[in-house]
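In: I would like to see how this sequence folds:
(3 chains)
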Amino acid sequence: MNRYRVQQAGFVLLGATALAVVVPILLILLIIIVRGWPALSWEFVTAMPRDGMRAGGLFPAIVGTLVLTMGTALVAIPVGVGGAIYLSEYARDNWLTNSIRLAIINLAGIPSIVYGLFGLGMFVLFLRFGTSIVAGSMTLAIMTLPVIISTAEESLRSVPQEFRTVSASLGGTTWQGIRNIVLPQALPGILTGIVLGLLRAAGETAPILFTVAAFYLPRLPRTPMDSTMALPYHLYVISTQVPGMPESLQYGTALILLTIVLSMNVAAAFIRSYFRRRRQW
Amino acid sequence: MGDDATWGAALPSQPQKDRMRQNTSANLIEFGIEATVKVLGYSVVGFVILIFGFLLREGLPFFVSVPVGNLVSTQWYPTFGFFGTLPLILGSILVTVVAVALSLPMGLATAVFVREVAPPWTREVLKPIIEVLAGIPSVVLGFFGMTILAPLVRQVLGAPTGLTAFTGAVLLAYMSLPTMISVAEDALDAVPKSYRDASLAMGATRWQTIWRVVVPAARSGIVTAVMLGLGRAIGETMAVMMVTGNAARMPVTLDSLFRPVRTMTATIAAEMGEVAGGSVHYHALFGVGIILFVLTFLVNLFAALTIFQKRRRGGLR
Amino acid sequence: MRMTGLPEPKIRIQNVSYAYDRKQVLRSISLDIPDRSVTVCFGPAGGGKTTLLRLINRLNDMVDGTSLSGTILVGGQDIYAADTHIPTLRRKVGMVFALPLPLPGTIRENVLYGLKVAGVHDRGHLEERLEISLTQAALWDEVKDRLDGMASALSGGQQQRLCIARSLALEPEVLLLDEPTSGLDPISTAKVEESLQQLKSEYTIVIVPHSVQQAARVADYAAFVLMGELVEHGPGKTVFTTPKDSRTEDYVTGRFG
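Out: All right, here's what the predicted structure looks like:
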């Protein structure tokens, strides 16, 4: 058979596969938007839930997700960026340093439900925080650590070594070089990594299942020791465990969660491309 | 010898005594910062140890108190004292393996298409869409799977329910695609242009070049992609939980693929809410967590090793 | 070896041997570098000249896997003594590199970087240093109207003079230049060489030239380094016109390079 006919057929097959990959993604988005849109209203987003979740709004869940994300950021950013600075600027290349890298790979591979178990055992029970924002945030923070520390380290390393050499030759200490030159130059990449990590944390359900999430809590969390509603958990419960839940509300919840997460994704992509254009090396 | 006075105050703000001697306060800051970031770096190691430690602490009692025969039995009914972990492990393996079997060809084909066949502008269109998939939370995908995919499967296959291992595998396959495609693309990128040029110069078509030269050359990168995909698939919780039916059966017959099944991850997530703290069931779930931890650790270790080896040997293969 | 009849040498390198990655790079080099003059350290590539320079401001501290023996005195002080404050040393001993390496930022930020990390904040003093150093580097007239423009917008030659100004802003006592004109066109090269002649009245200058011709043009004193060994040194005229060692003569006349 003609080789070129084979090639044509083959290319078409490949293209069809690519389409089969991409089209369902668009379909998912489309369906959720179309079916969730009717449920969206000012009340839905800003009011408290009523009637066992069948009416009213999602406000506490939205707030809960935001609060948890901020709590995650509070812990994961300093530890992640600090650790990345150590790995990139201070650490020597020996087996001790490689143990950190191995640990990062390890953490990255742990299933999210195992993080949930850990959070339950360590924060909720052992440290007696109970199901609380503290427990949930800490669990999410450790889970987010690998992403932040890896992208931050890569960003720092991509800053040309010459800058550090010049800074040193002008009497700058290692930290002065980092603070004045390396860190500012690496900031866009670090920020991108942080946003990507946080959006993952915002969308996770398994780690918060036993550590913080409550289903029907018609008031906002007041202290870090409170438990709270959260969007991912909320979607899970109303779609699997609440009979008679109007479909539009389910889709509406999914839509809101999707919107929050995807807009963070877009923001990260913007940061990355905007600063890449303004790079000075 | 040289006069100390010649060093004088070159900078007006420098005190006379600070020649080239140690400046203790600045040194303290420098030392403090280095110490802080060092601690932060090593805290990562601490967390891993902590996690494993806690898993052991709460999970070991399970392996100790339940007789081995029970552990490897084929019945998981914790409320009645049956702690056979086999259905769970096999359930995870089934769903994972089928998922990877689906996503590998699809991912490779897409990567090949984007990298070798399609005009550059399609790349700009396809890449963002695939990245969007990577960003969708698993609970949303599980929701979608439950409300749209499962009924679809049920209709198409005429099965009693759409909540099957197959549905879970399909969903998982899609979730693994972004990683699979990205790693496969990198592997294809790493193949030198000279390989392609040489093949084309000898008269091969692009199609033949792709499958006889480029893809084999990218073999090890593709293996890495498979390992990474496996690791992530085993660990996925929400999507599979919402879609695989959660019946802890032994998936050993051929039609098990189209029946409900339960993974280790779904087991933990579904049952933890109902256990009494300190009971055998509670420890059992931690025990399953240990199994999961070890499994994913091994898979990811293997994947990491292949990456390290490749780097050390430099270049391909 | 002391050169008799001359004032106290600014830099004394005594029996310095240096190895990197178990490869011997410098073998027992002893050299006095006089004050307020241009000393040229020349020789074929890979001979260790750059390494020698980097030992004087301890920039090689940033590299692992090295071993150093011998002493280096700058202004009479052992710079490898345990209590040496390295940032201060590097302010006294400035360095300009082979490629123009502007820091990201404006011209002003570049020139004043060293002063900023040294903790100098007085605006008046900073502006003064800015103008003086740029003038000394023969760059002031060209940039005085765009001090807040990006340094990366300057040409290669201007950037290199900016780097010189950067080091001068710290009022060093020694200026080390490692092939500073290797990437520059002849006009920029001439401008740099000209400023060196001006600068030597105030500073000790040690330069690794990028050609023997440049070495002959600028040298008051010259040291020929071949494969880590100091073959010969002396006043520039002598080394280039009547070298004592046959290897020096071969290199200077171009028989090898």
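In: where does the spatially most central residue of chain A land in three-state SS?
Out: The residue lying closest to the centre of chain A (CA atoms, centre = their mean) is residue A:200, at 2.2 Å. With DSSP: H, G, I helix; E, B strand; the rest coil as the basis, residue A:200 sits in helix.
In: residue contacts, it?
Out: Residues near residue A:200 by CB atoms under 8 Å, 6 or more residues apart in numbering or on different chains: A:144, A:147. From N, CA and C alone the C-beta is placed, and that goes for glycine too.
In: what's the helix or strand for residue 16?
Out: Picking chain A for this. Assigning secondary structure by DSSP states H and E places residue A:16 in helix A:3-36.
In: ah, no, chain C please
Out: Assessed by DSSP H and E, residue C:16 sits inside strand C:11-20.
In: what pLDDT does the spatially closest residue to residue A:134 that is not a sequence neighbour get?
Out: Leaving out its chain neighbours, the residue that sits closest to residue A:134 by CB to CB, 6 or more residues apart in numbering or on different chains is residue A:224, at 4.7 Å. Residue A:224 is assigned 83 on the pLDDT scale.
In: residue contacts, residue A:224?
Out: With CB under 8 Å, 6+ apart, residue A:224 has these contacts: A:71, A:132, A:133, A:134, A:137.
In: Over to the residue lying closest to residue C:13 once chain neighbours are set aside. Which of the three states is it?
Out: In this structure, residue C:13 finds its nearest non-sequential neighbour in residue C:31, 4.5 Å apart by CB to CB, 6+ apart. Under three-state DSSP, the three-state class of residue C:31 is strand.
In: got the residues of the stretch 151-281 of chain A near chain B?
Out: Residues of the stretch 151-281 of chain A lying near chain B by CB under 8 Å from any CB of the partner chain: A:173-175, A:199, A:202-206, A:209-210, A:232-233, A:235-236, A:239-240, A:247, A:250, A:254, A:257-258, A:261-262, A:264-265, A:269.
In: Just the buried subset of those, please.
Out: A:173-175, A:199, A:202-206, A:209-210, A:232-233, A:235-236, A:239-240, A:250, A:254, A:257-258, A:261-262, A:264-265, A:269 (16 or more other CB atoms under 10 Å in any protein chain shown).
In: Show me what secondary structure element comes after the helix or strand hosting residue B:186.
Out: Here residue B:186 sits within helix B:165-189, counting by DSSP H and E. Using DSSP H and E, the next helix or strand after helix B:165-189 towards the C-terminus is helix B:193-201.
In: That following helix vs chain A: in contact?
Out: No. Using CB under 8 Å from any CB, helix B:193-201 stays clear of chain A, with a minimum separation of 12.1 Å.
In: Which elements pack onto that helix?
Out: helix B:206-209 (3 or more CB pairs under 8 Å, 6 or more residues apart in numbering or on different chains; DSSP states H and E).
In: so is residue C:27 in a helix, a strand, or just coil?
Out: Secondary structure, three-state DSSP: residue C:27 is strand.
In: tell me the contacts of it?
Out: C:17, C:228, C:229.
In: After the helix or strand of chain A with the lowest mean pLDDT, heading C-terminal, what element do we hit next?
Out: When the helices and strands of chain A are scored by mean pLDDT, DSSP states H and E, strand A:55-56 comes last with a mean of 70. For strand A:55-56, the succeeding helix or strand toward the C-terminus, using DSSP H and E, is helix A:59-85.
In: now the helices for the stretch 101-250 of chain C?
Out: C:107-117, C:123-136, C:140-143, C:156-168, C:186-199, C:212-218, C:236-241, C:246-252 (DSSP state H, counting those that start in this stretch).
In: and chain C, which residues reach chain B?
Out: Residues of chain C lying near chain B (CB under 8 Å from any CB): C:8, C:73, C:75-77, C:79, C:83-85, C:87-89, C:91-92, C:115, C:118-122, C:125, C:170-173.
In: Give me the buried subset of these.
Out: Buried residues within those, defined by neighbour count using 16+ other CB under 10 Å: C:73, C:75, C:77, C:79, C:84-85, C:87-89, C:91-92, C:115, C:118, C:120, C:170-173.
In: ok, and the closest non-adjacent residue to the residue of the stretch 51-200 of chain A found nearest chain B?
Out: Nearest residue of the stretch 51-200 of chain A to chain B, counting by CB to the nearest CB: residue A:111, 2.9 Å away. Excluding the flanking residues, the one nearest residue A:111 by CB to CB, 6+ apart is residue B:235, at 2.9 Å.
In: what comes into contact with stretch B:270-284?
Out: Residues external to stretch B:270-284 that are found in contact with it (CB under 8 Å, 6+ apart): A:116-117, A:120, A:125, A:209-210, B:58-62, B:65-66, B:78-79, B:81, B:83, B:241, B:246, B:285.
In: Low-confidence ranges, the chain, go.
Out: Assuming you mean chain A. Regions of chain A meeting the criterion pLDDT under 70 cover residues A:1, A:52-55, A:280-281.
In: that's the wrong chain, I wanted chain C
Out: Low-confidence segments of chain C (pLDDT under 70): C:1-7, C:257.
In: where's the residue of it found nearest chain B relative to residue A:132, distance?
Out: In chain C, the residue that lies nearest chain B is residue C:76 (1.8 Å; CB to the nearest CB). For residue C:76, the distance to residue A:132 equals 65 Å [CB to CB, to the nearest Å].
In: what about residue C:41, which SS state?
Out: Per three-state DSSP, residue C:41 ends up strand.
In: How about the contacts made by it?
Out: Residues in contact with residue C:41, defined by CB under 8 Å, 6+ apart, are C:49, C:52, C:53, C:206, C:207, C:208, C:222, C:223, C:225.
In: Restricted to strands, list these.
Out: Judged by DSSP state E, those include C:206, C:207, C:208, C:222, C:223, C:225 as members of strands.
In: can you name the two of those residues that are farthest apart?
Out: Largest separation among these by CB to CB: C:207 and C:225, giving 12.8 Å.
In: okay, these two: which has more neighbours?
Out: The neighbour count for residue C:207 versus residue C:225, taken as other CB atoms under 10 Å in any protein chain shown, is higher for residue C:207 (27 against 23).
In: The more buried one touches residue C:33, doesn't it?
Out: No. Counting by CB atoms under 8 Å, residue C:207 does not reach residue C:33; the two are 11.0 Å apart.
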